[in-house]
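Participant: Got a predicted structure here, sequence first:
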There are 2 protein chains.
Amino acid sequence: MQKHQAFAEYTEITPSVAIETARHGWRAKCLQRLIRLEMPVPRTVALPCDAVRMIAAGTMPDTERLAGLFGAAPLLAVRSSPANPDWGGPGTVLNVGMNAAKHIELGQSHGPAIADAIYLKFVQSYAIHVTRLDPDMFAADPSPTALAAALAAYEAEMDEEFPQSPARQLSEVLRSMARAWEGTTARLLRQAKGAPTDAALGLIVQEMVQMVGPGLAGFGTIQLVDAVTGSPQVTGRFKGQLPANRKAEETLYLVKDKRGASLEEAEPQVFADLQRHCAAARAKLREEMQIEFALENAALKVIDAVTVQRSSRAAVRIAVSLAKDGIISRDEALLRVEPRALSELLHYQVDPRGARDTFARGINASPGAASGRIVFSAADAQASAARGEPCILVRRETSPEDIRGMHAAVAVLTERGGITSHAAVIARGLGLPCIVGASDLKLNPRDKVMVAPDGRIFREGDMITVDGTNGEVLAGSPLMLEPALDEWFSTLLHWADNVRDIGVRANADTPDDARTARMFEAEGIGLCRTEHMFFDEDRLTVMREMIFADTAQDRRVALDRLLPMQRADFTALFDIMAGLPVCIRLFDPPLHEFLPHDRDGLRELAEALDKPLSDVTRRVEALSEFNPMLGMRGVRLGVTVPEIYEMQARAIFEATVEASRRGAQVVPEVMIPLVSAKREVELVKTRIDAIAAAVRNEQGCDFQYKLGVMVETPRAALIAGEIAQHASFLSFGTNDLTQMTYGLSRDDAGRFMSAYVNLGVYPEDPFHVLDHDGVGELLLIGCERARKNRSDLTLSVCGEHGGNPASIAFCRKAGVDYVSCSPFRVPVARLAAAHLALTDPK
Amino acid sequence: MQKHQAFAEYTEITPSVAIETARHGWRAKCLQRLIRLEMPVPRTVALPCDAVRMIAAGTMPDTERLAGLFGAAPLLAVRSSPANPDWGGPGTVLNVGMNAAKHIELGQSHGPAIADAIYLKFVQSYAIHVTRLDPDMFAADPSPTALAAALAAYEAEMDEEFPQSPARQLSEVLRSMARAWEGTTARLLRQAKGAPTDAALGLIVQEMVQMVGPGLAGFGTIQLVDAVTGSPQVTGRFKGQLPANRKAEETLYLVKDKRGASLEEAEPQVFADLQRHCAAARAKLREEMQIEFALENAALKVIDAVTVQRSSRAAVRIAVSLAKDGIISRDEALLRVEPRALSELLHYQVDPRGARDTFARGINASPGAASGRIVFSAADAQASAARGEPCILVRRETSPEDIRGMHAAVAVLTERGGITSHAAVIARGLGLPCIVGASDLKLNPRDKVMVAPDGRIFREGDMITVDGTNGEVLAGSPLMLEPALDEWFSTLLHWADNVRDIGVRANADTPDDARTARMFEAEGIGLCRTEHMFFDEDRLTVMREMIFADTAQDRRVALDRLLPMQRADFTALFDIMAGLPVCIRLFDPPLHEFLPHDRDGLRELAEALDKPLSDVTRRVEALSEFNPMLGMRGVRLGVTVPEIYEMQARAIFEATVEASRRGAQVVPEVMIPLVSAKREVELVKTRIDAIAAAVRNEQGCDFQYKLGVMVETPRAALIAGEIAQHASFLSFGTNDLTQMTYGLSRDDAGRFMSAYVNLGVYPEDPFHVLDHDGVGELLLIGCERARKNRSDLTLSVCGEHGGNPASIAFCRKAGVDYVSCSPFRVPVARLAAAHLALTDPK
C-alpha cells in the first residue's frame, strides 16, 4: 500500500492539478500551460516519471481504467515527455486503440482509403516499435492489399491475432516506450546532450482528434516567424481532407496563396485563432512556439507546442525581439544565443534549402562560403582577381609568399595543414572561407588538376564552392545566404558589451583588418604582426638588400628606405583605430622567409643584388634552418641585428607623433616576441627607450608608449615574474606556447591530429581549444607570478584561442584583462564573454 | 692607545708566535710551518691584514724600527700573503734597501756587473711599481750606462734623488702594495676566483740572501714530481754564480746532467737537504710542494714554498699517492681533483710543451685531439679509413647520413652548429674530438677546399689537427700526449663510487658504445637510441620499403625483415652489459630522415622500389616537415604507425629470452619518447604488454620488463603525476626539454648562442649547463608530481646535462636516482657525484 501511494499513477492535465517539469516532463508542463491559456487541447493524461520507471521495471498501471477515461472506443496518442526536449525520447505512437471495429467505422465516415491507411500505419508502427518485428515484413508503401498482408504477417510471426483491445495495445505501447528510454544507445545519446545519468521520462496519453462530421479535418503546424531569418511571417503546413473532396487526403497551403487552396481561406476563424494562440504562447511561454494542431469537423484542437526550430540568424532576431517586447530580459536574450553560432552570421552561407554536390571534405578552418574558379597559384589568383573573376586558391599548403594570392582569392583550399596552419590563420584573419587538410584530394599543381575521392577531375577554371563553415568542398555554385550584420546582431552585441567583464581586441595587421576590427567593435588591436608588411614586392627587394648587407651600417641604409613605408603603415592603423589601443609586435619571423628557395628566384636575386649566384646561394643556405620555429627569430634577431627593431621603433614613434597631431590620442604598445630571458627585454628596452627619446627631441613633441612582452615560450611563462619588472604588459601567444609545450608544430600536426583526437589521445585539438593541463597551467603560473611582482600589469591572450568561448572562460579565471582574436571572431568573443559574466559572476 | 693595541703591527715569524692564515695570509702560515720543520728560513716578519688595511688607509707602521730588525743596511724582499694563494696579490719586490752604498759594497765583493744589474733592477721595479712612472723611461735591457740613465730619469721625473734610506723605501713599497690590493681590477680578478668582497691581504718582509763569501750563490726551485705526469722525479731549476766564475751569473742544471754543471754535483749535501725538505713539506703540509731556495756562500736558505703546479693527470696521481701514503684521506683525495679535468685524461691531447700552429677556432664540442688528413664527405672518410689513413671529416654540419663517415674519421670539424648539434652529440658519444661552429672558416665542399681567416688555403688530403679540448684547429700534426687511464685514475674513481649517492649510467647505442660504457664502469645503459640501428645500408633499404608500404600488412612484411637484425642488436647489448640495466628508447625520429632528398637519391630509390619517380618524389615531399623537431616522431609514430613499436618490442623481448638463457639476468627497460599526453602511454603500453605476453607464450619462458616514459616536452613534465600511473620510470630528456622550454633548436642555436652568452642574455649555453629557472623548474615539478603519485618510481636524467657537474648537483637535489651521459663523460660524472656527496651530504 505504502508503495502505491508514493506516487499518482497518472493525472489528467487540467489548469489546477500539480504538473511539474521535473516529475512529468517538459511536454506535460507545456500542455498544461496551453490549457491554462484556454487553448482547445484534447483530453490529456500525464504519466509521471516514477510511473514510467515502474512500467519499465514491469509494474503496469491499470490501462483498462486509463483507456476508459477516453470513452468506450478511444483512439489515443502516446508521446514522450522528458525533463528537457533536447534529451530525445521514444517517438510518438499515434492511433492507439485502432482495431477492426474502428476500421469499419472510419471507412463508413471517411472512405475505405483513409480507413485502410490509418489502420495499416498503426499496425506497422506497433509491429515494428512495440513488438520489434522485422520492418522489411511491413512494406512502407500502402497498396490495396497492404493492410491484409500486414495483419497476416503479424499473426504469422506472433502466433496470435493483432491485438484488438485498446487497453492491451496501450499497455504494450507504454511498456515499449518506457523500456526504449533505458536502452544503451538512447542513454548515450542523451548524455552527450548533457542529460544526467538518472534522467527520467514522463509519458503523455492524449485523445486523438477523430475523423468525424462533415467539416474540414486534418493536421498542421503553425509559427509566427521565418525559421531562417527570424522575421515575422506566419509559416507552417497543413494536411487534411477538404469537405469537397472526401475521398483523399491532400496538402493545403496554410496561408492564402494563389497557387492553391489554403487553410486561411477555408477556415479564416480557425486561422485567426491559431495566430492568437501562437501570440499567447509566445508571451506566456516566453518563446517563439510552433503549435501543432488538428481540425475535427472544422473545430480547432491544439495538440502540442514546441519551440520554433531556427537558424543562427533567426535565433539572434527572435531573442532580441522577445527582449524588446519585454517578454524576456536582455540577459536572458544574451544567454539564448550560442556564441559560436554568431560566426555563421558574418559570412555568406550555402543556403540549407538548396542542393549540395559535395565532392571532398577537410578541416573547416575559417567559416563562410564562397564560389569561384579554381586557381593553383598565388600569381594566377592575382591575375584572376585583376580580370574581376572570383577565384578559389587551391594549394598543397600556403606560405608567406602566397599572401597576396590569398588576398586576391574568395576562398582557400589546401591539401595539408591543421586548424592553425598558415593558410588557416591568415584566412581567418582575412575573413576568407578556408578548408585545410583536405587530404583526400589528389593535387597536381604542375598539371593544374585535382582529383576528387570519387574520381571526378577538377581543372583550373572549374567552378567550385568552399564551405568553410562545415569543411565541405562543393562542385558548382549553390544558392547562398547573405551575411546578417543587421540591427538585431548589433543590438545583441551592445547588450553583451554592457555585461561582460573581460576585454576583446582584434588581431589586425593591415588597414583592411583594422577596419574589420572596428566594424566588429573590437576595443583595440591586441596583436599587429608587422612582418606581413614586408612581403609587398617593392619592400621585399629592400628587405633582401638588408639581409645581404655585410655591416650594420649597410643594414641601416636599407632599413632607412623601409622606414617611411613602415611609418605610413602605422599612421594608417592609428588613424583607423582613432585612439583605441594598438599593440604592435616587433619583427618576428626568421630572415630566410624573405628569401627565394628555388633556382629561378635565386638567379633573379643575384641579378638584383649584382652579386655572383654562388655567393647568394651560399648566403641563402647559411640562413636556412632545421627548425625555423625554434630558430633565429623574434627577439633573437632583435638582440643580434638590432637595426631592424630600431627602424620599427622609429616608425612607430614617428607615426604616433603624426597621428597625434591629427587629433587621436595615440599611446602605442610595443611588444617583443619570443622572449626566453629577462636580459633580452632589458637590451631591447634600452634601445627602444633611446629611440623614443630621440624622436621626442627631433619632433619637439612628447608622447607616451608602453613596452610589453609576448609570452610564447614555456620559459617566459615560468619567469614571468622577472620579466614583469621590465614590462607594462604581457600577452600570451598561446599558438606558439601550445606548440612548444606539446613539442608540436602547428604546420606539421595536421598529419596526425585527427587520428589523435579520434583515439582520444587529445580530447580536442589543442590549437583549437586551449589545453588546460599543460598550456593552461603555464598561463596560470605566468599570470600569477607577473601580477605578484607588478599588480598594475596588463595581461592578455593573443593566440587563436582568444576567439574560443571555452578558452575565454579559462583566460578570465586566470585574471587576463583582455583576449585578442581575429576580427571575424570578435563578435563570438564579445558574446561568449557576456555569457561568462552572466553564468559565473566574479 | 686602544686602537693601536687592537693589533700587532708586525710579528717576526718564529715557531711559537701566533700566525694564522686568516690574519696573516697563507704565505706567512706556510713559512711558519717551514720554520717549524727546522728549514733554514731567513728572518721573516709578517704584517697582518689589519695592518695592511691601515697602511692602505694612510697609517704607516714604524718602518725605521722594522727595517732595523734586519740590521743596519738590510736588503729585504716584500711578498704578498692573501688568505688563499689563488686570489693573487701584488707581485714580490726584491732588494728593498738597495742604494749607492750597497752598490759599492756589492761591486767590490761580486764585481760591478752584478752590482749594476741588481741596483738597476731595483730602481726599475721601484719606479714602475711604487712611484708609477712610465715603464718606457726605464729600458729593460741592461747596458753599461743603463743604471746611471735610470737614476737620472727618476730624478728628473720626481724632482728628488732616488731614495737612499731603506726605511723610506720600505714604507713606499708597503704602501704601494697595500693600495694595489684595493684596486678595482685586482678586486674583480680575485672575486672571479671566489674571493669574498672583503678579502684582506697580509704582507711578508723577509731578509734577502746576501751575495757574500766565496761559496756558491744563487736562487732556485725544486719539487719531487713531474708536473705533467705526476710521477716521482726531482725537477727544478737553479741560477747562480759558481765560485769558479765570479764575473757572471749562469744557469746550472739542478740534477746531475751530462750536458753541464749541476747543483747536485756542485753541492751534493745541499741537494740532499733540499730533497729532505721537500719530503718533509709533503708530509706535514699534506701536499706536493715546490720549494724556492737560495744559496748564500754555499749555505742553503729556504725562501718560500708553493703547491706544485700540475696537469690534470698529475693531479690525479698526486692526490691518490698522498692518500695511499696515508698523508691525506681518500675523501680529501677525491676533492683535490676537479671532475671536469678528468675528461682530458680520456683522450689524446696536444702536448702543451710543443709548438701550436692554430689557424681557426670553434666551439670545443667533444674533448681530445687527433691529427688526420682533411676529407669533405662521409664517403671520402670511409674510403680514407679503408686505406688505413687517419682522416678528419670537415662538413657544414652533419646529419644522420654522415654517421658512418664519422665512425671512419678520427675527428670532426663543422662550420655550423652548437654544443648539442648533431655532430657534437654523436662525436661525444663516439669519443671523437670535435669542433663545431667554426664559422670563421670558409668552406667550399664542392671544390674540396677551405680557407682560414688568415687566408691560408687547406685542401683535401692536407694534414690538420682538431683539438676538441679547447676548440682550436691546428695545421700539421703536433706532439701528442696519450690517454691516462692508469691505475691512479681507476683507483680514484673506485673511491668515488664508494661515496657517491646518485647513480651514473651511459648513453650507448651500439656494442662499441656499450663496451666503452663498461670500460668507464657505468652502472648500466640509461639511454639506447634505437634509430641509429636503421642507417646501415642493408637496413636502410628495408626501412624505406616499410615507409613506402601502403597498408599495415605491407609494413609488417618489411618490419619482419628488420626484426632479426634488431634482435641481434639487443642481444649483443645485453651480452656486453651482462645483467646491468639497459634502457631502450623506442624509435624516435621522423620517417623522412630515412629518405633521400637529392635528385640522384630519389632516382635510385624509385628504381629500388620499382615505382615511378613522380610517386616517390610526391611521397618524400608529403613526408617532409616544416619543423621536424616538433613533428610526426616519437610516440606519435608509435600511436599512428604501431607496427614499428610492435616489431621493436618483439625484438627486445626475444633478445631478453636469448640473453637470459645464456645466463645474464636481463630485465629490459622500454622507454617511450616525446610523450605529451597520458593516453599515448596507455595505448603503447597495451600493445607492448600484448607483445610481451605473446613472446612469453611462444618461447615458453617468463621474463620481466619495465615500461617508462621519456619526459621531453614541457607538458609531459607538467602532467608527470598522471603519466607516472602507467610508468615504472621517468627519464628526463633534458636536451629536447631545453629546446622546447626555450623555443630553441639546438641545431640552429649555434648562429647566435655565443653572442647571447657574451651579452649575458643567457649566463651559459643552456644545452651545456642545465637552466635552473626554466628547464630546472619543470624538472622539479615533474619529479615532485611523479613521486607523489608513485613513490617507487625510478627518476633519471638522460640528456647531455647528465655529464655536467653543476647539472648533476641540481638533479641530485631534485631527487633523481641516476644520470646518464655519453660514455666518455661517465668518469666526470662519477667523480662529480662523489664531490656532491662529500660537500653537501643528504
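Facilitator: Nice, thanks for sending it over.
Participant: what's the neighbour count on the closest residue to residue A:588 other than its chain neighbours?
Facilitator: Nearest non-adjacent residue to residue A:588, counting by Cβ to Cβ, 6 or more residues apart in numbering or on different chains: residue A:673, 4.4 Å away. C-beta coordinates here come from the backbone N, C-alpha and C atoms, glycine included. When neighbours are defined as other Cβ atoms under 10 Å in any protein chain shown, residue A:673 has 26 of them.
Participant: in stretch A:435-454, what counts as buried?
Facilitator: The neighbour-count check on stretch A:435-454 (16 or more other Cβ atoms under 10 Å in any protein chain shown) flags A:435, A:436, A:437, A:438, A:439, A:441, A:443, A:448, A:449, A:450, A:451, A:452 as buried.
Participant: coming back round to it: angles on the backbone of the residue nearest to residue A:588, please.
Facilitator: Phi and psi for residue A:673, reported as degrees, to the nearest 10, are phi -90, psi 160.
Participant: I'd say residue A:292 and residue A:223 touch.
Facilitator: No: proximity of residue A:292 to residue A:223 does not meet the contact threshold set by Cβ atoms under 8 Å, at 10.3 Å.
Participant: Quick check: what element follows the helix or strand residue A:294 falls within along the chain?
Facilitator: In this structure, residue A:294 is located in strand A:289-296 according to DSSP states H and E. Next helix or strand after strand A:289-296 toward the C-terminus (DSSP H and E): strand A:299-307.
Participant: So which other helices or strands are in contact with that next one?
Facilitator: helix A:26-36, helix A:268-285, strand A:289-296 (3 or more Cβ pairs under 8 Å, 6 or more residues apart in numbering or on different chains; DSSP states H and E).
Participant: Between the ones you listed, which one is closest to chain B.
Facilitator: Within the helices and strands packed on strand A:299-307, the stretch nearest chain B is helix A:26-36; the backing value is 37.6 Å (Cβ to the nearest Cβ).
Participant: How about residues contacting that closest one?
Facilitator: Taking Cβ atoms under 8 Å, 6 or more residues apart in numbering or on different chains as the criterion, the residues outside helix A:26-36 that touch it are A:13-15, A:17, A:19-21, A:41, A:44, A:46, A:79-85, A:202, A:204, A:206, A:277, A:281, A:284-285, A:302, A:304-306.
Participant: What values do phi and psi take at residue A:416?
Facilitator: Residue A:416 adopts backbone torsions of phi -110, psi 180, taken as degrees, to the nearest 10.
Participant: Residue A:213 - that's part of a strand, no?
Facilitator: No: according to DSSP: H, G, I helix; E, B strand; the rest coil, the state of residue A:213 is coil, so it is not within a strand.
Participant: Helix, strand or coil: sort out residue A:204 for me.
Facilitator: Reduced to three states with three-state DSSP, the structure at residue A:204 is strand.
Participant: Residue A:360 sits in which helix or strand?
Facilitator: Using DSSP H and E, residue A:360 sits within strand A:358-361.
Participant: That strand: what's the following helix or strand?
Facilitator: Under the assignment DSSP H and E, the closest C-terminal helix or strand after strand A:358-361 is strand A:363-366.
Participant: I would like the residues contacting the helix or strand following that following strand, please.
Facilitator: Once the chain leaves strand A:363-366, the next helix or strand it forms, by DSSP H and E, is strand A:369-375. By Cβ under 8 Å, 6+ apart, the surrounding residues in contact with strand A:369-375 are A:347-350, A:381, A:383-384, A:389-394, A:405, A:409-411, A:432-433, A:450, A:458-469, A:476-478, A:480.
Participant: contacting residues around the helix or strand following strand A:369-375?
Facilitator: Downstream of strand A:369-375, the first helix or strand assigned by DSSP H and E is helix A:378-386. Contacts of helix A:378-386 from elsewhere in the structure, counted by Cβ under 8 Å, 6+ apart, are A:372-373, A:375, A:390-391, A:393, A:401-406, A:408-409, A:460.
Participant: So how do I select the buried members of the residues you listed in ChimeraX?
Facilitator: In ChimeraX, the members of these classed as buried (16+ other Cβ under 10 Å) are selected with the following command:
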select /A:372,373,375,390,391,393,402,403,404,405,406,408,409,460
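Participant: Give the single residue among the contacts of helix A:378-386 positioned nearest to residue B:254.
Facilitator: Sorting these by how near they are to residue B:254, with Cβ to Cβ, puts residue A:401 at the top with 75.4 Å.
Participant: any weak-confidence spans in chain A?
Facilitator: Counting by pLDDT under 70, chain A contains low-confidence ranges at A:1-8, A:139-142, A:211-212, A:243-249.
Participant: biggest helix in it by residues?
Facilitator: Across chain A, the longest stretch assigned as helix under DSSP state H is helix A:552-577.
Participant: Is chain B within reach of it?
Facilitator: No: under the criterion of Cβ under 8 Å from any Cβ of the partner chain, chain B is not reached by helix A:552-577; the shortest gap measures 13.2 Å.
Participant: Name the residues of that helix that come out as buried.
Facilitator: Taking 16+ other Cβ under 10 Å as the neighbour-count basis, helix A:552-577 is seen to contain the buried residues A:555-556, A:558-559, A:561-563, A:566-567, A:569-571, A:573-577.
Participant: same deal with stretch A:695-708?
Facilitator: Within stretch A:695-708, the residues scored as buried using 16+ other Cβ under 10 Å are A:695, A:699, A:703, A:705, A:707, A:708.
Participant: Give me the phi and psi for the second one.
Facilitator: For residue A:699, the backbone dihedrals are phi -90, psi -10 (criterion: degrees, to the nearest 10).
Participant: cool, the one 3 residues further on as well?
Facilitator: The phi and psi torsions at residue A:702 (degrees, to the nearest 10) take the values phi -90, psi 150.
Participant: Grab the two from the buried residues of stretch A:695-708 that are most spread out in space.
Facilitator: Greatest spacing in these, by Cβ to Cβ: A:699 and A:708 (23.4 Å).
Participant: those helices in the stretch 551-700 of chain A, which residues are they?
Facilitator: A:552-577, A:599-609, A:613-623, A:635-640, A:643-661, A:678-699 (DSSP state H, counting those that start in this stretch).
Participant: now do the stretch 401-550 of chain A
Facilitator: Assigned by DSSP H, counting those that start in this stretch, the stretch 401-550 of chain A shows helices spanning A:403-408, A:422-430, A:487-499, A:511-519, A:537-548.
Participant: mind checking which of the ones you listed is nearest chain B?
Facilitator: Go through the helices of the stretch 401-550 of chain A one by one with Cβ to the nearest Cβ and the one that ends up closest to chain B is helix A:422-430, at 9.0 Å.
Participant: For that closest one, name the packing helices and strands.
Facilitator: Here helix A:422-430 touches strand A:363-366, helix A:403-408, strand A:411-414, strand A:434-436, helix A:511-519, going by 3+ Cβ pairs under 8 Å, 6+ apart.
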